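A structural model of the following input is requested.
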Amino acid sequence: RTAYATATGEAASAPAGAPPADTNAEFQSLTAAGGLRLTINDVIIKTMMMFAVVVIFAVVGWNLFNSMPVILLPALIVATVLGFVNALKKSVSPPLMLLYAVFEGVMLGGISNFYDAYAQGSEYNGIVLQAVVATMTTFAVMLTLYLTGAVKVNKKFQSIMMVAVVSYLIIGVASFIAAMFGVGDGWGFYGVGTLGLAICVFGVLIAAFFLMLDFEAIKQGIAMGAPERESWRMAFGLLVTLVWIYLEFLRLLAIFTRN
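Numbers count the residues shown, from 1 in each chain. Purely as a prediction, here's the structure:
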């Protein structure tokens, strides 16, 4: 997931703060040829642009879901495919990044509409707004922890995160299969009482701490003198992680709506 690793083909487990010399030389040659260097302002602007697209099309997806709920599946498939393409593509493609934001927005709008209807009549009415607030709060807390140095993003941290993510992925696949057999009333492991709650909390924590890798990627990209276009990749990484956190909070709150 580390942006510089995807862009250059380097191993994602490279020590934080110690970019390979050949990678640094490649970025230096690109910027020396007249290209602009990456700055934090570039990342902020691109992130705001992508989030604006997501929000606009989330509204579209929300309204479409009321009359055409089938729209959710194709939006999910296209967003997933574009997500993998953007993550694995060596060269940055802003149009593809924005296209991803479009379908991601439609998907989020449909899913949010579903969860909002699911929570109607419970004490957690307004589940979408609560998930948004929780996501933004999590972002602020994790950014504070990163900037103050309370959490060190080193090789050990990266290894732990990779193990945690793979473990959660395996649990997710197993839960999906279990759901097809009616486990948890069709919700899989997430619908099995305390177990579902524990898994969901685990997912929220993993997603939250994954923000640290995004922050470190931005820091390293700036330190290496990465080209300005890499700001799109950094913004994409932040968007993917924040969407992940938001969906985890939606699921967690949905569990609480049914005790």
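
quick one: the helices in the chain?
3-8, 21-32, 40-67, 72-88, 94-118, 127-147, 155-180, 193-223, 230-257 (DSSP state H).

tell me which strands and helices the last one is in contact with?
Under the contact criterion of 3 or more Cβ pairs under 8 Å, 6 or more residues apart in numbering; DSSP states H and E, the helices and strands touching helix 230-257 comprise helix 3-8, helix 40-67, helix 72-88, helix 94-118, helix 127-147, helix 193-223. (C-beta placed from N, C-alpha, C; glycine too.)

check contacts around the residue lying closest to Phe215 once chain neighbours are set aside.
In this structure, Phe215 finds its nearest non-sequential neighbour in Tyr146, 4.7 Å apart by Cβ to Cβ, 6 or more residues apart in numbering. Contact analysis of Tyr146 by Cβ atoms under 8 Å, 6 or more residues apart in numbering lists 153, 211-212, 215-216.

Who's the closest spatial neighbour of Gly61, skipping the chain neighbours?
Going by Cβ to Cβ, 6+ apart, Gly61 has Gly109 as its nearest residue, at 2.5 Å.

can you tell me how far the one you found sits from Ala217?
Applying Cβ to Cβ, to the nearest Å, the value for Gly109 to Ala217 is 28 Å.

Met50 now?
16 Å.

In terms of packing, which of those two has more residues around it?
Ala217 (27 against 23; other Cβ atoms under 10 Å).

surely that one meets Ala235?
No. In this structure Ala217 lies outside contact range of Ala235 using Cβ atoms under 8 Å: 11.0 Å.

Could you tell me the model confidence score at Gly83?
The per-residue pLDDT reported for Gly83 equals 93.

List the contacts of it.
Gly83 neighbours (Cβ under 8 Å, 6+ apart): 100, 104, 240.

any weak-confidence spans in the stretch 151-259 of the chain?
186, 258-259 (pLDDT under 70).

same thing but 50
Applying pLDDT under 50 to the stretch 151-259 of the chain flags no residue at all.

hmm, back to that, from the contacts of Tyr146, list the buried ones, please.
153, 211-212, 215-216 (16 or more other Cβ atoms under 10 Å).

Put together a markdown table for these, with distance to Pro69 on each row.
Shown next, in a markdown table, are the buried ones among the contacts of Tyr146 (distance: Cβ to Cβ, whole Å):
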| residue | distance to Pro69 |
| --- | --- |
| Val153 | 40 |
| Leu211 | 31 |
| Met212 | 36 |
| Phe215 | 37 |
| Glu216 | 39 |
